[in-house]
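Undergrad: Only the shape, not the letters, is given here:
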């Protein structure tokens, strides 16, 4: 975590660059990142928007705007920002992953699945994209696909606690209580706080 004085020194340096070179997109972007790291969302938005206005290729600025709007709870703007990011850089997997997550939170499951599958196609190592895709299949009631996706996720990231919890729930819905218990216990061991109601539901099957 950077100290406040470090942020102030860095910001002062970027402002000096802008004084000498008004509209410098890189300096504006760097300012936005610094403000974002401090949780100064409104200042960060202004800096990122100015960076975008100065350079048509600032797809990272759009992605960061999406993150800020997520923090502000504005899912429509999260979608808008990430759509603009992938319009500039169609091979940017993280933009599709962010879109997929936003769509899933909005209940737009089909669009979420399409975006998440594209993210995984571009970068199969995005763990959260696999996790969100499994959740989308659960939203659709496709438990078999949710399980298969969760298994692939844990093959890649065997210590991803949330993945174990979610796979446990999918197995529970599928009636495979032994595997559900196995994965829920692994999630707990990895430090995940499993919902007590879920643990209560599984308890009768522990000694059966």
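TA: All right, it came through fine. Keep in mind that what you see is a predicted model, and the values were worked out from it rather than measured.
Undergrad: continuing past the least confident helix or strand in the chain by mean pLDDT, what's the next helix or strand?
TA: Across the helices and strands of the chain, mean pLDDT, DSSP states H and E gives its lowest value to helix 4-20, namely a mean of 77. Sequence order places helix 25-37 as the next helix or strand after helix 4-20, per DSSP states H and E.
Undergrad: hmm, who's touching that next one?
TA: Under the criterion CB atoms under 8 Å, 6 or more residues apart in numbering, residues 2, 7, 10-11, 14-15, 17-18, 21, 41, 43-45, 47-48, 50-51, 54-55, 58, 60-61, 64, 67-68 lie in contact with helix 25-37. To be clear about C-beta, it is placed using only N, CA and C from the backbone, and glycine gets the same treatment.
Undergrad: orientation of it relative to helix 4-20 in degrees?
TA: Compare the direction of helix 25-37 with that of helix 4-20 by axes from the mean of the first three to the mean of the last three CA atoms, to 10 degrees and you get 150 degrees.
Undergrad: Chain neighbours aside, what residue packs nearest to residue 113?
TA: Leaving aside its sequence neighbours, residue 113 sits nearest to residue 136 (CB to CB, 6 or more residues apart in numbering; 5.0 Å).
Undergrad: With residue 69 instead?
TA: residue 77 (3.9 Å).
Undergrad: pLDDT averaged over the helix or strand containing that neighbour - what is it?
TA: Element membership for residue 77, per DSSP H and E: helix 75-88. For helix 75-88, the mean per-residue pLDDT is 96.
Undergrad: Spell out which residues make up each domain of this protein.
TA: The chain breaks down into these domains under automatic domain parsing: 1-72, 159-208.
Undergrad: Between those, which one is closest to residue 146.
TA: domain 159-208 (4.4 Å; CB to CB).
Undergrad: For burial, what's the neighbour tally of residue 21?
TA: Neighbour count of residue 21, defined by other CB atoms under 10 Å: 11.
Undergrad: same check, this time on the one 4 residues further on
TA: Residues within reach of residue 25, counting by other CB under 10 Å, total 18.
Undergrad: ok, it to residue 40 distance?
TA: In this view, residue 25 and residue 40 are 20 Å apart by CB to CB, to the nearest Å.
Undergrad: again, but for residue 18
TA: With CB to CB as the criterion, residue 18 and residue 40 are 17 Å apart.
Undergrad: buried sites along the helix holding residue 77?
TA: 75, 77, 78, 79, 80, 81, 82, 83, 84, 85, 86, 88 (16 or more other CB atoms under 10 Å).
Undergrad: For that helix, what is the distance to the chain centroid?
TA: For helix 75-88, the separation from the chain centroid amounts to 14 Å (computed by CA atoms, centre = their mean, to the nearest Å).
Undergrad: which strands and helices sit next to it?
TA: helix 59-72, helix 93-105 (3 or more CB pairs under 8 Å, 6 or more residues apart in numbering; DSSP states H and E).
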